[in-house]
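Asker: next one to model:
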Amino acid sequence: MSEFTTSLVGENFTHRNLWHTATHLKDMGDSISEGSGHQYKAATVFSMFSFEAYLNYLISKLDENVSKKERAFFGPKGDYSGIRGKIKWILETLNLPKANFGSYPYQHLIGVINARDVYAHGKPEMCEITENHDTPEHDISPSWYGKTVTKDDIVQTMDCIIEITNQMHTKANEYLESPLWWGAEALSGPLSYVVGDTECSS
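Answerer: Numbers count the residues shown, from 1 in each chain. This is a model prediction of the structure:
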């Protein structure tokens, strides 16, 4: 009986996998009449996870040394602090115009980043309220979380992320002159790739 040996090497596109989840969550929100705000909120968070994963992916392709020391390079004391710093560094490296955080799409993006940070680093909140109400049931919901995310909100968020990442993606493809991109769009396309071969070993 023959035996075979397969050798494969490839790459999983974390940013696209996360975006895939975000789009599924948005679609779930679109399909239900009650509770859609929860699905849209989750889609917003996964959209931001995808965006930052794409920035990290791009940094790794543009400069492996910077990628290896990411935490220090993009730390709070450097010239490229946090996610804004990653955006700034990528745009500078690719000779793209500076991000204008006072106008769309970056202004909207920063608002979503701030909301995502609040969700990700949630802390206990002490509240004290006095209200008149018609039923005995009542709870204390933090205003920052109680705000409903609508379909229009998530569509705008996803559109601005697509606009920013596709601009970077197109320029990076030219800059690197490399076939690493597997598609015309940053977040849509294959979720991974693999190359290799199989040999008969006996």
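Asker: correct me if wrong: residue 29 contacts residue 43.
Answerer: Yes. Residue 29 lies in contact with residue 43 (Cβ atoms under 8 Å); the separation is 6.5 Å. (Glycine included, C-beta is placed from N, CA and C.)
Asker: the two: who's more crowded?
Answerer: A direct count of neighbours by other Cβ atoms under 10 Å for residue 29 and residue 43 places residue 43 higher, at 28 against 21.
Asker: hmm, back to that, quick check: neighbours shared by residue 29 and residue 43?
Answerer: Counting by Cβ atoms under 8 Å, 6 or more residues apart in numbering, the contacts common to residue 29 and residue 43 are residue 154.
Asker: what's the average pLDDT for stretch 48-56?
Answerer: Mean pLDDT, stretch 48-56: 96.
Asker: just checking, next helix/strand downstream of the host helix or strand of residue 8?
Answerer: Assigned by DSSP states H and E, residue 8 belongs to strand 4-12. Per DSSP H and E, the first helix or strand lying C-terminal to strand 4-12 is helix 14-31.
Asker: what comes up buried for that next one?
Answerer: Buried residues in helix 14-31, defined by neighbour count with 16 or more other Cβ atoms under 10 Å: 14-23, 25-26, 28-29.
Asker: ok, then the element right after the lowest-mean-pLDDT helix or strand in the chain?
Answerer: Lowest on mean pLDDT, DSSP states H and E among the helices and strands of the chain sits helix 143-146, with a mean of 59. Using DSSP H and E, the helix or strand that follows helix 143-146 in sequence is helix 151-176.
Asker: buried stuff in that next one?
Answerer: For helix 151-176, by 16+ other Cβ under 10 Å, it's 153-154, 157-158, 160-162, 164-165, 167-173.
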